[in-house]
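Trainee: have a look at this prediction, sequence included:
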Amino acid sequence: MRFTLNGTPRRLNTHPMKRLLDVLREDCALTGTKEGCGEGECGACTVLVDGAPVNSCLVPVAQVDGARVMTIEGLRGRHPLQHAFVEHGGAQCGICTPGMIMASVALGKNPTRDQMKAGLAGNLCRCTGYAAIYRSIEATATEQNKGRNRGDRGARRVHKSQRKPVPSDRKARMPRKNAR
Amino acid sequence: VELEIDRDTWQVQPISFLTVHEIGKAIHPMLATGQIEGGSAQGLGYALLEDVVMRDGRMANASLTNYIIPTTLDSPAMKVVLLENPYQHGPFGAKGVGEMPIDGPAPAVINALRHAGFDLRAIPATPERVMAADVLPASTQRTRKIRSKKISARSATSAVVS
């Protein structure tokens, strides 16, 4: 089994029907991803597979062969959303938080309240009543618009294996610096 | 609390929620507010969704698949007002805040439904119960129908003092 985990290529010898959640937590020792219900209801185990949020408790690891998997560890503690969840009370007990942040990452920049509600409908939170989570996401958008929080460079860094190859004709058309 | 009741499905959707809490001194106002919002969302779940089914002394619906708790789509916009009044016997003037927010929403929801003419006497106010509790006389039903397909209902939240 080969896949890219948080930007690094991984090769694993494991049972193909093992849940992605268990592979991440046990085989890869990344315990940031939490198990809530184990039946796809609560979203605590949300990770990104090729950029899309999935419940890792419902995905057999065979299905991510060749895919890009991003967990909460992939944000390296430097993503503006992580900072905003701390600052604005988006995390209370914390069990939903890794999944909530991964689902929020998938919302993209400056989501509206309705987009947040729709995008986070699969992530249950018992503590916050969701309002503080919306405020945290909105604060991230505001901070980004202000051009602060440059700390997320690490999160955006793309491993060379994941970089899209530049089409050769485009490369040829790109003018070299100082070329006259 | 402000609710909307769908006349076809009898589903009750909370639209907005206002709550005032007298909690002594708020030591960390942001977390206290978050705690109250979370407790209120639980209280709304208790009022509208969360039905414990007991069978042979055991909970028959002990999973998130059939014991429904509020999601983002079930939680309304909430406004929390902290009424600070330092309590001399509490630590730094504080009182408890953890469990109390769950007390207000269910009475508020049921009061709103009763104002709108639903004779509800049990929670959760599931669509089945709301439909069965629709006891307004036909004349009032007509005016209600004309206004809109959705019935709106309102009540003052019960004041909660810890």
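Mentor: On my side now, so go ahead.
Trainee: hang on, A:Pro111 packs against A:Ile137?
Mentor: Yes: counting by CB atoms under 8 Å, A:Pro111 touches A:Ile137, with 6.6 Å between them. The C-beta positions use only the backbone N, C-alpha and C, and glycine is treated the same way.
Trainee: between these two, which one's more packed in?
Mentor: Between A:Pro111 and A:Ile137, counted using other CB atoms under 10 Å in any protein chain shown, the more crowded position is A:Ile137 (28 against 20).
Trainee: taking chain A, what residue is nearest to chain B?
Mentor: Nearest to chain B in chain A, going by CB to the nearest CB, is A:Gly129, at a distance of 3.3 Å.
Trainee: can you tell me the element that residue falls in?
Mentor: A:Gly129 is located outside every helix and strand, with elements delineated by DSSP states H and E.
Trainee: what's the nearest residue to it if we skip its chain neighbours?
Mentor: Distance criterion CB to CB, 6 or more residues apart in numbering or on different chains; nearest residue to A:Gly129, sequence neighbours excluded, is B:Ala41 at 3.3 Å.
Trainee: okay, B:Leu48: pLDDT?
Mentor: Model confidence at B:Leu48, given as pLDDT, is 95.
Trainee: please tell me how far it sits from B:Phe17.
Mentor: According to CB to CB, to the nearest Å, B:Leu48 stands 12 Å off from B:Phe17.
Trainee: ok, A:Pro60 next?
Mentor: Separation of A:Pro60 from B:Phe17 (CB to CB): 41 Å.
Trainee: neighbour count for the two, which is higher?
Mentor: B:Phe17 (26 against 14).
Trainee: regarding the more buried one, what is its secondary structure?
Mentor: B:Phe17 falls in the strand class when you classify it by DSSP: H, G, I helix; E, B strand; the rest coil.
Trainee: what is the end-to-end distance of stretch B:45-63?
Mentor: Start-to-end span of stretch B:45-63 (CA to CA, to the nearest Å) is 15 Å.
Trainee: what residues does that stretch touch?
Mentor: A:37, A:39, A:41, B:12, B:14, B:66-70, B:74, B:102, B:105-106, B:108-110, B:123-126 (CB atoms under 8 Å, 6 or more residues apart in numbering or on different chains).
Trainee: the residue in chain B positioned nearest to chain A: how many residues sit nearby?
Mentor: In chain B, no residue comes nearer to chain A than B:Ala41, which is 3.3 Å away by CB to the nearest CB. Neighbour count for B:Ala41, taken as other CB under 10 Å: 30.
Trainee: which element is it on?
Mentor: Assigned by DSSP H and E, B:Ala41 falls in helix B:29-48.
Trainee: off-centre distance for that helix?
Mentor: 10 Å (CA atoms, centre = their mean, to the nearest Å).
Trainee: what are the buried residues along it?
Mentor: B:32-48 (16 or more other CB atoms under 10 Å in any protein chain shown).
Trainee: surely B:Val80 meets B:Gly39?
Mentor: No: using CB under 8 Å as the test, B:Val80 is too far from B:Gly39 to be in contact (10.0 Å).
Trainee: and the helices in the chain?
Mentor: Went with chain A since none was named. With DSSP state H as the definition, chain A shows helices at residue ranges A:20-22, A:80-87, A:97-105, A:113-119, A:131-146, A:153-156, A:168-173.
Trainee: I was after chain B.
Mentor: Assigned by DSSP H, the helices in chain B fall at B:29-48, B:105-115, B:127-132, B:138-147.
Trainee: report the inter-axis angle for the longest one versus helix A:80-87.
Mentor: Right, helix B:29-48. With axes from the mean of the first three to the mean of the last three CA atoms, to 10 degrees as the basis, helix B:29-48 and helix A:80-87 are set at 90 degrees to each other.
Trainee: enumerate the residues of chain B near chain A.
Mentor: Residues of chain B lying near chain A by CB under 8 Å from any CB of the partner chain: B:30-31, B:33-35, B:37-42, B:63-65, B:69-73, B:75, B:77-78.
Trainee: give me that answer again for 7 Å
Mentor: Chain B comes close to chain A at residues B:30-31, B:34, B:37-38, B:40-42, B:63-65, B:69, B:71-73, B:75, B:78, as judged by CB under 7 Å from any CB of the partner chain.
Trainee: now do the same contact list for B:Ile123.
Mentor: Neighbouring residues of B:Ile123 by CB atoms under 7 Å, 6 or more residues apart in numbering or on different chains: B:Tyr46, B:Ala47, B:Ala106, B:Ile110.
Trainee: try it again at 8 Å.
Mentor: If you count contacts by CB under 8 Å, 6+ apart, B:Ile123 has them with B:Tyr46, B:Ala47, B:Leu48, B:Ala106, B:Val109, B:Ile110.
Trainee: mind putting those residues into TSV with distance to B:Leu3?
Mentor: What follows is the contacts of B:Ile123, written out as TSV (distance: CB to CB, whole Å):
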residue	distance to B:Leu3
B:Tyr46	15
B:Ala47	10
B:Leu48	9
B:Ala106	12
B:Val109	7
B:Ile110	10
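Trainee: and those, which is closest to A:Pro98?
Mentor: Among those, B:Tyr46 lies closest to A:Pro98 (CB to CB), at 27.0 Å.
Trainee: middle-most residue in chain A, spatially?
Mentor: In chain A, the C-alpha nearest the mean C-alpha coordinate belongs to A:Met102, at 3.9 Å (CA atoms, centre = their mean).
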